[in-house]
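Novice: Provided below are the primary sequence and the corresponding predicted coordinates.
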Amino acid sequence: MMPPGKTAVFLLLVCIMASPDQVISKNPICTKKQREKILEVCDYFIQPGYPLRLVSRDSPCCVAVREVRDRDMECVIMQLTNQEKLKYSVEKIRALHRLCELPPPPHNHQEAQVIE
């Protein structure tokens, strides 16, 4: 039987080995470069206060947002420095997730023609 300290370390190692993708991600949700690009091209839309400025789905801002996996703006927000949190509205950055979503493709139903 192992001493309690070694048992705890062993169990911790087993847990880490069982789920390596949760401990070390080789495919991050967003990168520092993506964050910087969003702050740069979305600057006009994410400034705090009023007026509220709506962003177009075709804008360079939304293109940059869609480059982030799942448009996960929480990842961008987590990387903000304290100075950036004062300069930009966290709520407006969070809203980019919804505002930059592409609409679903139109349904291409061919209507059945009745032959008489």
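Specialist: Arrived safely, thanks for sending. Numbers count the residues shown, from 1 in each chain.

Novice: Just give the closest residue to Asp70, not the sequence neighbours.
Specialist: Leaving aside its sequence neighbours, Asp70 sits nearest to Ile29 (Cβ to Cβ, 6 or more residues apart in numbering; 7.1 Å). For glycine as for every other residue, the C-beta is placed from the backbone atoms N, C-alpha and C.

Novice: residues in contact with that neighbour?
Specialist: Contacts for Ile29 (Cβ atoms under 8 Å, 6 or more residues apart in numbering) come out as Val68, Arg69, Asp70, Asp72, Cys75.

Novice: of the residues you listed, buried ones?
Specialist: Val68, Cys75 (16 or more other Cβ atoms under 10 Å).

Novice: contact partners of stretch 90-97?
Specialist: Contact partners of stretch 90-97, identified using Cβ under 8 Å, 6+ apart, comprise 38, 42, 45-48, 55, 61-62, 65, 71-74, 76-77, 80.

Novice: low pLDDT regions in this structure?
Specialist: 1-28, 108-116 (pLDDT under 70).

Novice: could you pull out the helices for it?
Specialist: Listed in chain order, the helices of the chain (DSSP state H) span 4-18, 20-23, 32-41, 43-46, 60-66, 73-78, 82-87, 90-99.

Novice: Tell me what angle the last one forms with helix 32-41.
Specialist: It stands for helix 90-99. 100 degrees (axes from the mean of the first three to the mean of the last three Cα atoms, to 10 degrees).

Novice: Thanks a lot, see you next time.
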